[in-house]
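Engineer: After the sequence you'll find the predicted model.
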Amino acid sequence: MATATATSPDFNAEPIGRWGEEKEFVVERESLVRYALATGDDHPRHRSGDLAPPVFAAVPAMKVCDPIAQRVIPNDEVRMSGLHGEQDFRFHRPIEPGMRLISRAFGVGFRPVGAGVTITVKGVTHTPDGELVVEQFVTVIMRKAHTSKQVGGDKPEFDVPAALLQAPPVAVFDRTFEPDTPTRYAHASGDFMPIHTDDEFARRAGLPGIINHGLCTLAFATRGLIRHTCGDDPTRLKRLAVRFSRIVQPSEVLTTTVWDAGGRGDRQAYAFESAVDGGAAALRNGLVEVAS
């Protein structure tokens, strides 16, 4: 597994505190349908392509967020060790076919943590006339990497109280994957990082084989979250935040538990956690906020 040491080049602070270039993304109905199929999303409005599944919002933003994160990483060896750490979506309006979206990203910061180094980037997507569509904070972790300092800020906190997870849940549901789920998700999302498509590469990176994209696993869980927290109306979903705490392989079963987290102004909040075979949590600290 690749490791950065104290003598390795340090992380690049130049992109931190700066906005990157804008990029345009045209939403095609076929792309929305492909994404729904890849993530096992049977909601009629998603399967027909009339409405983007919520996690699809990462697709246009990836084109601006990823380049900033890549510029911060010091070299290819460290880059090979990267995994998605956290994601925090704030939805302002639905994404529909035919829309032209403009996205831009901001380098929030990087910092040392026990497992390596985290890099956080903020993506903002809006329409050409300035209507805000979605904001998102993307945090990646470079496993066993090293940096001598913290630069910039950090992601917004959204810790779920541990005591809440001891309460009776409002819903529990299972999702299963197909053997080719990572490959189909790569084509639907445009994320062809080889740990998701190349078994030999994944093993060289210290993984047990091909793993799901973190956002793919989240998208599978989100289908059930919409059903159980939004009255099956995806337009009511206003925030979706989570920590990716364990890799998921497509052979595993994902079990999601949902708890009532009370009201937050004009929204209802829910906490969730998703575990895989054997009970190990793959999605932790999950937070959903729903419009009343």
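Structural biologist: Great, that's in hand.

Engineer: what ranges do the helices span in the stretch 151-292 of the chain?
Structural biologist: Applying DSSP state H, counting those that start in this stretch to the stretch 151-292 of the chain gives helices spanning 181-189, 199-204, 214-229.

Engineer: so which of those helices comes closest to residue 80?
Structural biologist: The closest of the helices of the stretch 151-292 of the chain to residue 80 is helix 199-204. By CB to CB, the value is 8.0 Å. In this view, the C-beta of every residue, glycine as well, is placed from N, C-alpha and C.

Engineer: thinking again about what came up before, okay, the helices of the stretch 151-292 of the chain, which one's buried deepest?
Structural biologist: helix 214-229 (a mean of 24; mean count of other CB atoms under 10 Å).

Engineer: Tell me which other helices or strands that one touches.
Structural biologist: Contacts defined by 3 or more CB pairs under 8 Å, 6 or more residues apart in numbering; DSSP states H and E place helix 214-229 against strand 82-91, strand 171-176, helix 181-189, strand 237-244, strand 253-264, strand 267-275, strand 281-291.

Engineer: so where's the chain shaky on pLDDT?
Structural biologist: Scanning the chain for pLDDT under 70 picks out 1-9.

Engineer: Which strand runs longest in it?
Structural biologist: strand 100-113 (DSSP state E).

Engineer: Quick check: buried residues in it?
Structural biologist: Across strand 100-113, burial judged by 16 or more other CB atoms under 10 Å covers 101-111.

Engineer: same deal with stretch 229-244?
Structural biologist: 229-230, 234, 236-244.

Engineer: what's the closest of those residues to residue 30?
Structural biologist: Using CB to CB, the buried residues of stretch 229-244 come closest to residue 30 at residue 234, 19.1 Å.

Engineer: who touches the nearest residue to that closest one once chain neighbours are set aside in this structure?
Structural biologist: Nearest residue to residue 234 in three dimensions, chain neighbours excluded: residue 226, at 5.1 Å (CB to CB, 6 or more residues apart in numbering). Residues near residue 226 by CB atoms under 8 Å, 6 or more residues apart in numbering: 43, 54, 232-234, 237.

Engineer: ditto for residue 62
Structural biologist: With CB under 8 Å, 6+ apart, residue 62 has these contacts: 189-191.

Engineer: pretty sure residue 47 contacts residue 35?
Structural biologist: No: applying CB atoms under 8 Å, one finds residue 47 not in contact with residue 35, separated by 10.2 Å.

Engineer: anything in contact with each of the two?
Structural biologist: By CB under 8 Å, 6+ apart, the residues touching both residue 47 and residue 35 are residue 41.

Engineer: Looking at those two now, which is surrounded by more residues?
Structural biologist: residue 35 (24 against 15; other CB atoms under 10 Å).

Engineer: Please name the nearest non-neighbouring residue to that one.
Structural biologist: Per CB to CB, 6+ apart, closest to residue 35 is residue 188, 4.5 Å.

Engineer: Nothing else from me, thank you.
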